[in-house]
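Student: Quick one, fold the following:
(chains A and B)
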Amino acid sequence: MNQLRRTFLKSSGMAGAVMVAIGAGLLKSGEVMAATWNKLAFTSNNIADAMKNANYGGATESKDIVITVPDIAENGASVPVEVTSNIPGTTSIAIFVEKNITPLAADFEISNGAEPYIYTFVKMGQTSQVRVAVRAGGKAYTVSKEVKVTIGGCGG
Amino acid sequence: MSMNRREFMQILAVASAAGFALNSRQALSQGNAGNFYDLPAFGNVSLMHFTDCHAQLQPIYFREPNVNIGLGDSLNRPPHLVGEKLLKSFGIRPGSVEAHAFTYLDFDKAARTYGKVGGFAHLSTLVKKIRASRPGALLLDGGDTWQGSATALWTKGQDMVDACKLLGVDVMTGHWEFTLGAERVQQIIDNDFKGKLDFVAQNIKTNDFGDPVFPHYVIKQIQGIPVAIIGQAFPYTPIANPRHMIPDWSFGIQDDHMQEVVNTARAKGAQVVVVLSHNGMDVDLKMASRVSGIDAIMGGHTHDGIPAPSIVKNPGGQTLVTNAGSNGKFLGVLDLDVKGGKVAGFKYKLMPVFANLIEPDADMAALIKKVRAPYEAKLAEKLAITEGTLYRRGNFNGTFDQLILDAMMEVKGADAAFSPGFRWGTSLLPGQTITLEHLMDQTAITYPQTTLNEMTGATIKDIMEDVCDNLFNPDPYKQQGGDMVRVGGISYTCDLQQGMGKRINNMMLKGKPLDPNKTYKVAGWAPVAEGATGEPIWDVVASYLRDKKVISPRKLNLPKLIGIKGNDGIA
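Tutor: Residues are numbered from 1 along each chain as shown, chains lettered A, B, ... in the order given. I've put the predicted structure just below:
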């Protein structure tokens, strides 16, 4: 465990981390939020509409998308989702929680040959498929895995 | 009819005169007593394993379950065999001392015949005996060691830490240990254990950067052969127990990471790779099928005492899976014959620890006496006498759970009650005095608050469905390893062939169907949410016991099970 690194980063704060990302050219400051906000997709209230409106309609199942999620969420309010797309020419990766009221949780654009790897956290109201969709070469691909959300207690 | 202890003892005396064998040495002398603990050495690498002792320093009674249902791939396979089915599967003679150790059959009579089990002074003698014939043998502790007794709670685990050091534990992993709080766990590891005992866990990392919290594994030399012991802590600690006690740590099964750690250990020269696991046996079996390169998973958590290893095939060959019971009742001994850098053969024995058959180790006995001294008078308080057998273990209400539920409903004036499906907790025989120590054996946790909540019928059903799925989900990775929540005041049916949300039906309270929209008063304890307040459960139950004085045999509130035909996990 690197205690020093943790202490340093905690004291420098999240804003600092974001500034580093901007400084390194990973994000353009004007594009951090809102520029491409797809309101229709993010407010769609079922998985089919959300996928269609986010431009992943008709996605085909693919084993070349690797998702890592817990079998049971430790905290439904913050579920880690790790995605690697091994599909050549990946241009975007989206995460949907099928049973959330608004299933689309995040949509990442991958540009200029950036590595198609995402690690983020999503909120989950109940046990649901976590579905990942990828666009590559103008086509849509998808894969999903169930994450169980439980009230906890009573174990052991 | 109630019976006091004196009357009971008279009946016992009559029974004895009538020819029941009441002395374990005498009983065993009719069989194979002389060499019961002589275990011929085999191979060149030996590992001793105990798990889930739940802080039981003294010998106790422990009744194995008569309901331990397996579904899907687990149907009728170890550990989901009980009673005669278990005996038959492992070739154990009915009525033998082994039959008593591994099953609930004829529990009261056999327990009187063979006496108490476990106890660290007795375990210590056995460990020394095994070590004497097996140079370099390691002693592995699978966790759930620092919780389960009054003294462990009151000393914040210190009694067990000191006892484990004296016992000579080499490597451990954990689960209930974490309910002492992250800070206390770190304090013990950084001070008491430093340079003496390795606490390992490959599946615990920090929430922020994913850094390892503990070493993933340790490599020990046994007779010149490098042996890697990888730790696998209970994957669902932050879900089954209060997350706020370990706020900065994340757990999970992490079998991809397990594969990486196995590969790393092999690359560093380990000729034997063993996982010291607190997964629970069903998770162990699934993990063994998915991860390659593990010679043996020595597991615990689900308290399954399994006489022989399960051999699981996987892409890398095969992995042995052993589980070593609970409450200090067993010591597992795995002997490996390592030739040319590989395991060429093995022998495994799960030895029951019968206190009457083993001389207690003097040093350990002295330590136990010392740690208990300040608390002896308090522990010995006589609360009541039980007329029936009291036990907890089993998929549904045990008699001690029923007693806790009955006490909560009466003391709190509740319509219904929930008690957690914990698998720890010792047993009492008919006629035994229930002391405060016995009560603490069922309740000693760091979040003992009792609660009285208003819940709708719909909420009650949701809770029961949720816990039921944690027990009967067909995918072991989605189970948590506890038993069904104990339910008082509400009868129900449980359909084992259904999925989440559809198992619990026909719920009735006081002869009327439970109304999903009506509000009921429900008592409970062991809240996982932060900031809960309420009288500790041991105070609630103690006041009930003092009031009743004599506890009649409990009427168990068991669900009617549907879809159970042909299942060998129920007697």
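
Student: Please verify my assumption that B:Met464 contacts B:Ser491.
Tutor: No - if you go by CB atoms under 8 Å, B:Met464 and B:Ser491 don't touch, sitting 11.8 Å apart. Bear in mind the C-beta positions are built from the backbone N, C-alpha and C, glycine included.

Student: With neighbour numbers in mind, choose between the two.
Tutor: Using other CB atoms under 10 Å in any protein chain shown, the more surrounded residue of B:Met464 and B:Ser491 is B:Met464, with 21 against 16.

Student: Give the closest residue to B:Ala532 in space, chain neighbours not counted.
Tutor: Excluding its sequence neighbours, the residue lying closest to B:Ala532 (CB to CB, 6 or more residues apart in numbering or on different chains) is B:Gln449, at 4.8 Å.

Student: contacting residues around the one you found?
Tutor: By CB atoms under 8 Å, 6 or more residues apart in numbering or on different chains, B:Gln449 lies in contact with B:Trp525, B:Ala526, B:Pro527, B:Ala532, B:Thr533, B:Gly534, B:Glu535, B:Pro536, B:Ile537.

Student: which of these has the weakest pLDDT?
Tutor: The pLDDT minimum for these sits at B:Ala532, where the score is 90.

Student: partners of the most centrally placed residue in chain A in the sheet?
Tutor: Centroid check for chain A by CA atoms, centre = their mean gives A:Ile95 as the closest residue, at 4.4 Å. In this entry, A:Ile95 is beta-bridged to A:Ala106, A:Val132, by DSSP bridges.

Student: Kindly report the same for B:Gln318.
Tutor: Counting by DSSP bridges, the residues bridging with B:Gln318 are B:Lys313.

Student: State the pLDDT value of it.
Tutor: 98.

Student: Could you do the one 10 residues further on as well?
Tutor: We have a pLDDT of 96 for B:Gly328.

Student: Just the element for it, please.
Tutor: Assigned by DSSP states H and E, B:Gly328 falls within no helix or strand.

Student: Go ahead and confirm it touches B:Thr51.
Tutor: No - counting by CB under 8 Å, B:Gly328 does not reach B:Thr51; the two are 9.8 Å apart.

Student: who has more neighbours, those two?
Tutor: A count of neighbours by other CB under 10 Å puts B:Thr51 above the other of B:Gly328 and B:Thr51, at 34 against 29.

Student: So what's the residue count around B:Thr206?
Tutor: Look at B:Thr206: counted by other CB under 10 Å, it has 15 neighbours.

Student: Need the overlap of contacts for B:Met464 and B:Ser491.
Tutor: Counting by CB under 8 Å, 6+ apart, the residues touching both B:Met464 and B:Ser491 are B:Met507.

Student: List the buried residues in stretch B:373-390.
Tutor: Residues of stretch B:373-390 classed as buried: B:Tyr375, B:Leu379, B:Leu383, B:Ala384, B:Ile385, B:Thr386, B:Glu387, B:Gly388, B:Thr389, B:Leu390 (neighbour count, 16 or more other CB atoms under 10 Å in any protein chain shown).

Student: next one: stretch B:181-200
Tutor: For stretch B:181-200, using 16+ other CB under 10 Å, the buried residues are B:Gly181, B:Arg184, B:Val185, B:Ile188, B:Ile189, B:Phe193, B:Leu197, B:Asp198, B:Phe199, B:Val200.

Student: Looking at the contacts of B:Gln449, which are in strands?
Tutor: Among the contacts of B:Gln449, DSSP state E puts B:Trp525 in strands.

Student: so which of the contacts of B:Gln449 is the most crowded?
Tutor: Going by other CB under 10 Å, B:Ile537 tops those with 27 neighbours.

Student: which one is it nearest to, not counting chain neighbours?
Tutor: If the residues on either side of it in the chain are set aside, B:Ile537 comes closest to B:Trp525, at 4.2 Å by CB to CB, 6+ apart.

Student: where's the one you found relative to chain A, distance?
Tutor: From B:Trp525 across to chain A, the span is 10 Å (CB to the nearest CB, to the nearest Å).

Student: can you pull the contacts of that residue?
Tutor: Contacts of B:Trp525 by CB under 8 Å, 6+ apart are B:Ile404, B:Met408, B:Ser419, B:Pro420, B:Thr443, B:Pro448, B:Gln449, B:Thr450, B:Thr451, B:Gly534, B:Ile537, B:Val540.
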